[in-house]
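Participant: the sequence and its predicted three-dimensional model are supplied below.
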Amino acid sequence: MSELLEGLLPWHVSSINELLAVYHAGALHPAIMICGQNHSGKRRFTSELASSLLCQAAVSDKSIDLAEHAQGDDITAKRFCGTCQSCLLMQAQTHPDHYELTIPDGRKSIPIDSVREIQAKLQQTAQMRGSKVCCIWPADGLNDNSSNALLKLLEEPPSDTYFILMANSPRQLLPTINSRCLKINLRMPTNEELRGWLASAYAGGQVDEAIRLSRGFPEKAADVLAENTAGASLETMAEAILSGSQSVSALTASLESVNFELFLDALVYRIHDAAKSGRLSADGLVNKPSLQKGLASSSPDVANQSGQHLGAPLGRALAMQSLVMRTRTSLRSNPNKKLFIEAFVLNFRKISNESKG
């Protein structure tokens, strides 16, 4: 596994150092909300922070002077050591004072019973005689009942306990929960930062192609490069299904060997790019602002009506994007991969042939 798939993202170092400067001064807020888009590094940041709060080496010295270390740039050594008993337990995912609150299998939200179970455990004394840390993911996956139960915990948190909430959409949380959390908004990298980070582990790889396919999301770009096939191969497969240059069986076999979700990402962007460039348009329809907006929305309703109102070329693009979006959703049901991919290829080929006819 590439080192890019683990560890803190370099452009988030200053943010975590500032938090730890406050922690080592004994003034860290008990509830911290990590906000950011999907694939922005929330889980990495939270893991780094939780490990540092529990590390025995780090907590042995809380002598940081906030006036002298306002930016936290020189306390990197006070992040988790990786060798003490606490760090080893975190690596093994068996730390007795580290708790996770998440959506159980088969459920659509975090139930109130899970919050109550965590609450009972947090009332106990820390087994490692240090802090207790409860990580909540996704925080915007709390339902009304579990939100109210968590709110009571945040209003009167147990001693030496820290809550780390990860949220894609903080606005979906109760305003009272939002108001009781210190918010950390994780920034996205610049293209230069992202390119340097990717190139550090994939020298000579298709870095620019991965950035383009991922639309600048760092973890997704790293996933593309970590594939046995590079980003360019995902592009080649997307081009093959669009052009119809390979048989259904050959294309299905090729797609079985790659991360199919990443392929769908590459395909939806390729469809969009091809439509914008006129490759799927006979009369330049997709260049009209109103039709471009419809294409970008990828609305199934628009796609279903595209043949009647938008013309065959644009209808083809919309129908293709709609199929890709529905297929992404169906991936969650853990289908038989070969049959699932084959059905997708056949449906995609059907849309293509209908539009040509």
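Facilitator: Looks like it came in fine.

Participant: how is this protein divided into domains?
Facilitator: The chain breaks down by automatic domain parsing into domains covering 3-185, 227-356.

Participant: what would those domains look like in CSV with distance to residue 192 and mean neighbour count?
Facilitator: Bear in mind the C-beta positions are built from the backbone N, C-alpha and C, glycine included. Putting the domains of the chain into CSV (distance: least, C-beta to C-beta, whole Å; neighbours: other C-beta atoms under 10 Å) gives the following:
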stretch, distance to residue 192, mean neighbour count
domain 3-185, 11, 17
domain 227-356, 18, 17
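
Participant: select, out of the ones you listed, the one closest to residue 215.
Facilitator: domain 227-356 (7.4 Å; C-beta to C-beta).

Participant: can you pull the phi/psi pair for residue 14?
Facilitator: Main-chain dihedrals, residue 14, degrees, to the nearest 10: phi -60, psi -40.

Participant: now tabulate the domains of the chain in TSV and tack on distance to residue 214 and mean pLDDT.
Facilitator: TSV is the format used below for these (distance: least, C-beta to C-beta, whole Å; pLDDT from 0 to 100):
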stretch	distance to residue 214	mean pLDDT
domain 3-185	8	89
domain 227-356	7	72
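
Participant: how about those domains in a markdown table, adding distance to residue 217?
Facilitator: A markdown table is the format used below for the domains of the chain (distance: least, C-beta to C-beta, whole Å):
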| stretch | distance to residue 217 |
| --- | --- |
| domain 3-185 | 4 |
| domain 227-356 | 10 |
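
Participant: to residue 193, which of the ones you listed lies closest?
Facilitator: domain 3-185 (5.3 Å).

Participant: now the helices for the stretch 251-357 of the chain?
Facilitator: Counting by DSSP state H, counting those that start in this stretch, one finds helices in the stretch 251-357 of the chain at the ranges 260-276, 289-297, 300-309, 312-330, 337-356.

Participant: CA atoms of the first one as CSV?
Facilitator: Extracted as CSV, the C-alpha positions of helix 260-276 are listed here (Å, rounded to 0.1, in the frame of the first residue of the first chain):
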residue,chain,number,x,y,z
PHE,A,260,-15.0,0.0,-11.0
GLU,A,261,-16.1,3.0,-8.9
LEU,A,262,-13.0,5.0,-10.1
PHE,A,263,-13.8,3.9,-13.6
LEU,A,264,-17.3,5.3,-13.3
ASP,A,265,-15.8,8.6,-12.1
ALA,A,266,-13.5,8.7,-15.1
LEU,A,267,-16.4,7.9,-17.4
VAL,A,268,-18.8,10.5,-16.2
TYR,A,269,-16.2,13.2,-16.7
ARG,A,270,-15.2,11.8,-20.1
ILE,A,271,-18.9,12.0,-21.2
HIS,A,272,-19.1,15.6,-19.9
ASP,A,273,-15.9,16.6,-21.7
ALA,A,274,-16.9,14.9,-24.9
ALA,A,275,-20.3,16.6,-24.9
LYS,A,276,-18.8,20.0,-24.2
